[in-house]
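>>> Any chance you can model this:
(chains A, B and C)
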Amino acid sequence: MSVIAPNFKLSEFIKSLLDNVFWIILILVLIGLPAVFMILFVIELPVIDGELLTPFLALTWMADPSRILPVVQAFMATDIFRVMAFPGFGFAALLAAATIFVERKMLAKLQLRVGPFYCGKFEGILQLMGDGLKLISKEIIIPAKADKPIFWAAPVLFVATAAAFVAFIPVAPGWVVADVEMGLLGVFAVIGFFPIITILSAWSANSKFPFIGGIRALFQMVSFEIPLILSLLGAVMLTGSLNLSEIAASQSSFPWIVFLPIGAIVFFITMLAELERIPFDLPEAESEIVAGWLTELSGMMYGLVQLGTYLKLYAFAGLFVVIFLGGWNGPMVVPPFPEELLTKGIEMGPIVAGPFPGLPLFDQEMLNGALWFVLKTVAVIFFILLPRGVFPRIRVDMLLNLGWTKLIGLAFVNIFIALGLLYAGVLGPGGLQ
Amino acid sequence: MSTETENPPTDAKPEVKTPPPKPAPKKPEAAPVEMPAFEKSISDKIVEKFGDKIEVGFVKEDRVRINVGRENVHEVAEFIRDGLNYDHVESVSGVDYPQDNEIEVVYHIGSYTESSLARQVLVLATRAQRETNPIPGNDATKLPTLRDVFYSVEFHEREVFEMFGVFFEGHPDNRRLLLPEDWADLPPLRKDFAIKGR
Amino acid sequence: MTFTLPPGLALQKVDERIMTLNVGPQHPGSGHMRIIVQIDGDYIVACDPDPGYVHRGEEKMAEYRNYITNIPHLERPVIHDSCNVLYPYVLGAEELLGIEVPERAKYVRVIASELNRCIYIMYWLAIYGIFLGHSTMFMWPAGDRELLIDLMEKMTGARVTHAHFVPGGVRNDLPPNFEDVCLRQVNYFEKRIKEYAAVFYDNPILISRTQDTGVLSREDAIRYGTTGSVLRASGVDYDLRVKEPYDVYDELDVHTNVMKEGDSYARSRIPWLDMIESCNIIRQALQKMPKSGSVRVKLKPNPKTKGLESVYKRVESGRGSLGCYIVSDAKTEPYRVKLSVPSFRNLIALPNLLRGEKLGNMPSVYWSLNYWPVEADR
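Numbers count the residues shown, from 1 in each chain, chains lettered A, B, ... in the order given. The predicted structure follows:
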């Protein structure tokens, strides 16, 4: 890592400073101001102290910063916030980015290497950003005879579907982007969309290696969908509802994995197959078909597909946590919000900074739930990442054999166990719960 | 076609030439070369079966060399495989002798199954006629293939064909192996193909 | 067709059902070689290996240089295993020039040869792992082989392509204290490679992928003229260090590893067992080596051979028996040098093994033939 310092010229230095100032002003004016105004005008503004908050009033936060708190709280209750930030895209993307970094580091330590090291002061933590910038700056090459509309649309569709999947996962009680009554069926529908996108992308590339990779991906995803669905039905039977929030809430005493371990194992294996992770990464098998269905994607299209893949990883891990590990349930470790701040304000000697309306932003239940959910998801993701360092790749006929015979059999065993538990009165109405 | 002895043994005068045996000045042994007994028995068996058609090149420790003419090489190879229990060919090399107008093809034959022959390598050499302006495949530089006798010569004979221009009649697949498909120059390992700059 | 094809080219009909796939030089699963594979669905119907992408004309170049200056370029076919590629050439040149090598030089040569064998097999194993999609199996051997490359660097000054063997012995003596360092590192190396059993050889997915694929029967292995680990995995007990010992191998105790199954799993396991055997040989050689003595017979600058003669020497390298046929004509340059490389000989088995195999088995069968593309092309 050597940096060759150019000769220092004062005129160039001033020019670079002025350039930065110009760009900052330009971006602020062209993007920042409209964004602020859009937020203030599009979002339903709350009623505070009996008065409707107008944008002008809202801008008075520059005089008294504590006035921004009710606005933030109102904003957090809106749909847009849920979709973009907390249980939705922003949160998922953050976890996905952390997953990628942890995967590279953990795999490196397993393999006696160091992993990302130079980018960023602490152990290469900015490596992802560097990779993202690199992918944005690369040229997107489209094969000459490819089917251009579908080829361009496929990565975008992939990310959109992955984001739709993320929308179903409840993170904390009441915090879910799409609270659908038949949430689990919606999840199955969205998962069923992935093979279609894969085969569209592979077919439209009009080349031999994506063709073989796409067909393998189709085989893999389709043949593992049935065990996936069947293995989750056991938990549905025990809960009596398809709503994911209710399934999570019903595990307040104990998680379902205690009673349905086989289902959890089957779901874990099918999850690895749907995510195309090693040992099931046939569609991207490097040594046989270059990069499978990703061969012809370059630049940001590849970046989008990777983003979609890791969003899917987070969503599947979240699903596993919600259904088998108890979702957000866990002992209360978050301390309650101090009462005095709400009623009396902060006392700093003779001055009393008055009680701030709008606090608390996050209530205790939500923080606790989110914390336990994140911890459990991280643990599941760790176990998903681990086989990459240990196993080689499985072969296509072994994969199909596994999916169509053994896993379906085990999933049925799981359903019978669930039925048995219900009829024996161990669980369900009149049972342990 | 007469084959010349190209490789006299390292010790005193060879036995095949008929001048009177002179006592070799350095070695105190008598004129007959002390040939290792086991290798001598191998060469004796071949001489006994084929007599005049072959010529023993040398008999050294672990190496016996037989020079054969083009017409008989297939027969001799079959005898080597069936009668002497050699079972595979280790290497096929061509050596270009422009001064004799011939290209020599040397087969090194070994044995995995017969334990007494584990160290032995039989060197079988034939000669093909050489042309000054070769058209590989369509001129007189031809030899019968040994592929039906020893399957292991398959890729080696293809390489000798492309490097020397020696066409092996009966080989099912005389295509290019190492050279690019559009090579239009002389076969490279011939002596008249000069590396540029040397 | 009215025109006749020049010899060396063949016409091929394009079929509708059978797809021709170029597992070509630009492919993460092929090495520096092209394999033209015709597949019918998932099954390989025909296979046509197309080596020659790294053909540099080693044998032609050898005719222009004298016996000593031939050394640096003749070792290039396998850069990791360079001592073993030079070994038969050096033995042949010594016989032609009539030199007798001192004892210590022979031991140093044996140690260098065994170290090179381990270095090569580790690299081969790393690539085998990555062909199967096992990235840990790529990183571990590539990392552990640095221990041995370190030793070679102490001995010869170069990490790969050592150019250490010369007709007359080795170039330089071992550095002081080399024996202790070597012993320590070889012991640690052996401990490390025994851990590979847990992550690789006993891995159930690996076993299910490579067992009973690409089965080479004993008769076929002998008929195709295969050599080295491919031969020993099919049940033929043949190791040149035991059958035709050269240098001081007749004083060392070498055990040959043989497996009977002849499938890809056996072919991938035999080199690993060979490496453990090499560690034993190195320890024995370090013990028995004469503590002092010269390691080189100094030759005159342009050595000339005595007469018109030819010599064929062979040596057990990391891949199998490597032979060198030198024809000399009493000049300073050899008249003809032919390297009979084991990769080229094992390549004959490839089309026959791949016929009827699934496409998914292609990398595991192809690379398990202990094939080094650069060496086959010379």
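>>> Contacts only, for C:Thr136.
Neighbouring residues of C:Thr136 by C-beta atoms under 8 Å, 6 or more residues apart in numbering or on different chains: A:Leu110, A:Gln111, A:Gly389, A:Val390, C:Gly129, C:Val199. All C-beta atoms are positioned from the backbone trio N, CA, C, and that covers glycine.
>>> quick one: which of those is nearest chain B?
C:Gly129 (27.9 Å; C-beta to the nearest C-beta).
>>> burial count for the closest residue to the closest one other than its chain neighbours?
Nearest residue to C:Gly129, sequence neighbours excluded (C-beta to C-beta, 6 or more residues apart in numbering or on different chains): C:Met137, at 2.7 Å. Neighbour count for C:Met137, taken as other C-beta atoms under 10 Å in any protein chain shown: 27.
>>> For C:Glu103, state which of the contacts of C:Thr136 is nearest.
C:Gly129 (39.8 Å; C-beta to C-beta).
>>> quick one: that closest one and C:Met139, what's the gap?
9 Å (C-beta to C-beta, to the nearest Å).
>>> Comparing those two, which residue is more hemmed in?
C:Gly129 (26 against 20).
>>> Dihedrals phi and psi, the more buried one?
phi -60, psi -40 (degrees, to the nearest 10).
>>> OK, contacts around it?
A:Pro392, C:Ser135, C:Thr136, C:Met137, C:Phe138, C:Pro141, C:Phe200.
>>> about what we covered before: and the helix or strand containing the residue nearest to C:Gly129, what's buried?
Secondary structure assignment for C:Met137, by DSSP states H and E: helix C:135-156. Applying a neighbour-count criterion of 16 or more other C-beta atoms under 10 Å in any protein chain shown, one finds C:135-142, C:144-145, C:147-149, C:151-152, C:155-156 buried in helix C:135-156.
>>> hmm, back to that, now, of the contacts of C:Thr136, which are buried?
Counted by 16+ other C-beta under 10 Å, the contacts of C:Thr136 give A:Leu110, A:Gln111, A:Gly389, A:Val390, C:Gly129, C:Val199 as buried.
>>> can you list the residues you listed in a markdown table and add secondary structure, pLDDT and distance to B:Glu114?
Converted to a markdown table, those look like this (DSSP: H, G, I helix; E, B strand; the rest coil; pLDDT from 0 to 100; distance: C-beta to C-beta, whole Å):
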| residue | secondary structure | pLDDT | distance to B:Glu114 |
| --- | --- | --- | --- |
| A:Leu110 | helix | 85 | 50 |
| A:Gln111 | coil | 85 | 47 |
| A:Gly389 | helix | 83 | 48 |
| A:Val390 | coil | 85 | 46 |
| C:Gly129 | helix | 86 | 38 |
| C:Val199 | helix | 81 | 41 |
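>>> what two of these are the furthest from one another?
So, these by C-beta to C-beta: farthest apart are A:Leu110 and C:Gly129, at 13.4 Å.
>>> For whichever residue of chain B sits closest to chain A, grab the count of nearby residues.
At 21.4 Å from chain A, B:Glu181 is the closest residue in chain B, using C-beta to the nearest C-beta. The number of residues packed near B:Glu181 is 11, by other C-beta under 10 Å.
>>> Quick check: the gap between the closest residue to chain C within the stretch 301-433 of chain A and A:Pro279.
Per C-beta to the nearest C-beta, A:Arg393 is where the stretch 301-433 of chain A lies closest to chain C, at 3.0 Å. Going from A:Arg393 to A:Pro279 by C-beta to C-beta gives 6 Å.
>>> Now for these two: what residues contact both?
Here A:Arg393 and A:Pro279 have C:Gly133, C:Ile205 as joint contacts, going by C-beta under 8 Å, 6+ apart.
>>> For B:Asp185, give its distance to A:Glu123.
57 Å.
>>> who has more neighbours, the two?
More crowded of B:Asp185 and A:Glu123, by other C-beta under 10 Å: A:Glu123, with 14 against 7.
>>> can you give me the strands for the stretch 101-250 of chain C?
C:165-166, C:169-170 (DSSP state E, counting those that start in this stretch).
>>> highest average neighbour count across those?
Ranked by mean neighbour count, these are led by strand C:169-170 with a mean of 26 (mean count of other C-beta atoms under 10 Å in any protein chain shown).
>>> I'd like the average pLDDT over that one.
For strand C:169-170, the mean pLDDT works out to 88.
>>> before we move on, what about stretch B:151-160?
Rounded mean pLDDT across stretch B:151-160 is 88.
>>> Same question for stretch B:101-114.
For stretch B:101-114, the mean confidence score works out to 87.
>>> quick one: buried residues of that stretch?
So for stretch B:101-114, counting by 16+ other C-beta under 10 Å, buried means B:Glu102, B:Ile103, B:Glu104, B:Val105, B:Val106, B:Tyr107, B:His108, B:Ile109, B:Gly110, B:Ser111, B:Tyr112.
>>> Can you name the residues bridging to the first one?
Each beta-bridge partner of B:Glu102 is listed here: B:Tyr97, B:Gln129, as defined by DSSP bridges.
>>> After the strand or helix carrying A:Phe224, which helix or strand is next? Please name it.
A:Phe224 is part of helix A:208-239 when elements are defined by DSSP H and E. Downstream of helix A:208-239, the next assigned helix or strand under DSSP H and E is helix A:244-249.
>>> And that following helix, what does it pack against?
helix A:183-191, helix A:208-239, helix A:300-324 (3 or more C-beta pairs under 8 Å, 6 or more residues apart in numbering or on different chains; DSSP states H and E).
>>> ok, residues contacting the shortest one?
Judged by C-beta under 8 Å, 6+ apart, the contacts made with helix A:183-191 from elsewhere in the structure are A:161, A:164-165, A:168, A:178, A:180, A:225, A:228-229, A:232, A:236, A:242-245, A:247, A:274, A:319.
>>> In chain B, where's the longest helix?
Counting by DSSP state H, the longest helix found in chain B is helix B:37-50.
>>> Tell me which other helices or strands it touches.
Other helices and strands packing on helix B:37-50, by 3+ C-beta pairs under 8 Å, 6+ apart, are strand B:54-60, strand B:63-68, helix B:73-82.
>>> Let me see the residues that make contact with stretch B:136-149.
B:70, B:73-74, B:77-78, B:81, B:89, B:103, B:105, B:107, B:126, B:128-131, B:134, B:153-154, B:157, B:161-162, B:164-172, B:174, B:187, C:6-8.
>>> rerun that using 7 Å as the cut-off
B:70, B:73-74, B:77-78, B:81, B:103, B:105, B:107, B:126, B:128-131, B:134, B:153-154, B:157, B:161, B:165-171, B:174, B:187, C:7 (C-beta atoms under 7 Å, 6 or more residues apart in numbering or on different chains).
>>> and chain C, which residues reach chain A?
By C-beta under 7 Å from any C-beta of the partner chain, the part of chain C that sits against chain A consists of C:21, C:27-29, C:42, C:130-136, C:139-140, C:143, C:199, C:203, C:205-206, C:208-209, C:358-360, C:362-363.
>>> Tell me which helix or strand the residue sitting nearest the centre point of chain B sits in.
Central residue of chain B (C-alpha atoms, centre = their mean): B:Ala125, 1.7 Å from the mean position. B:Ala125 is part of strand B:121-129 when elements are defined by DSSP H and E.
>>> For that strand, what is the distance to the chain centroid?
1 Å (C-alpha atoms, centre = their mean, to the nearest Å).
>>> Alpha carbons of it, in CSV - could you do that?
Coordinates of each C-alpha in strand B:121-129 appear next as CSV, following Å, rounded to 0.1, in the frame of the first residue of the first chain:
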residue,chain,number,x,y,z
VAL,B,121,13.1,-50.4,-20.6
LEU,B,122,13.2,-51.8,-24.1
VAL,B,123,14.2,-49.2,-26.7
LEU,B,124,12.8,-49.9,-30.1
ALA,B,125,13.9,-47.7,-32.9
THR,B,126,12.7,-47.5,-36.5
ARG,B,127,13.6,-45.2,-39.3
ALA,B,128,11.4,-43.3,-41.7
GLN,B,129,12.4,-41.7,-44.9
